[in-house]
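Peer 1: With the input below, show me the fold.
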Amino acid sequence: MRHVSFSLTNHTFEIFRLSKLITDNIVYFLPRNADMNQIASLAGPGGRVEVEQNFLNNKLKTITAYFGGLIKSDG
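Peer 2: The predicted model follows:
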C-alpha cells in the first residue's frame, strides 16, 4: 500500500497568514496524511508547532496542529 500525503493548498497557507495578523494562537484540524513538513513550515523559521494524533478505535483518523500560545508548556 502506497502512502500518499495530503498536500496543503495555497489557500491553507493564505488563511494561516491572514490568521496570524489577528492572533498567533491557531489550531488546524487536518487529515491523518497531512504533510508534516508543510505543517512545520507554517510555523516559520524558529517557530514551533505541536501536532496531536487523534485516534478512534485504535486507528489514526486525524491530526491537530497547534501554534502560538496553544502549545503545551514544558513545565
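Peer 1: how about the helices in the chain?
Peer 2: For the chain, applying DSSP state H gives helices covering 10-20, 36-43.
Peer 1: just checking, what packs against the longest one?
Peer 2: Contact partners of helix 10-20 among helices and strands, from 3 or more Cβ pairs under 8 Å, 6 or more residues apart in numbering; DSSP states H and E: strand 26-31. Placement of C-beta: from N, CA and C, glycine included.
Peer 1: Direction included, what does the strand it packs on pair up with?
Peer 2: Note on strand 26-31: by DSSP bridges, its sheet partners are strand 59-67 (antiparallel).
Peer 1: Sketch out the low-pLDDT regions of this structure for me.
Peer 2: For the chain, the stretches with pLDDT under 70 are 1-3, 74-75.
Peer 1: Can you tell me which residue sits nearest the middle of it?
Peer 2: Nearest to the geometric centre of the chain sits residue 65, at 3.1 Å (Cα atoms, centre = their mean).
Peer 1: what's near enough to touch that one?
Peer 2: Residues near residue 65 by Cβ atoms under 8 Å, 6 or more residues apart in numbering: 27, 28, 30, 34, 39, 42, 49, 50, 51, 52.
Peer 1: show me the contacts for the third one.
Peer 2: Read it as residue 30. By Cβ under 8 Å, 6+ apart, residue 30 lies in contact with 6, 39, 62, 63, 64, 65.
Peer 1: can you rerun that using 6 Å?
Peer 2: residue 63 (Cβ atoms under 6 Å, 6 or more residues apart in numbering).
Peer 1: How much space separates it from residue 39?
Peer 2: 7 Å (Cβ to Cβ, to the nearest Å).
Peer 1: same deal with the first one?
Peer 2: Relative to residue 39, residue 27 is positioned 12 Å away (Cβ to Cβ).
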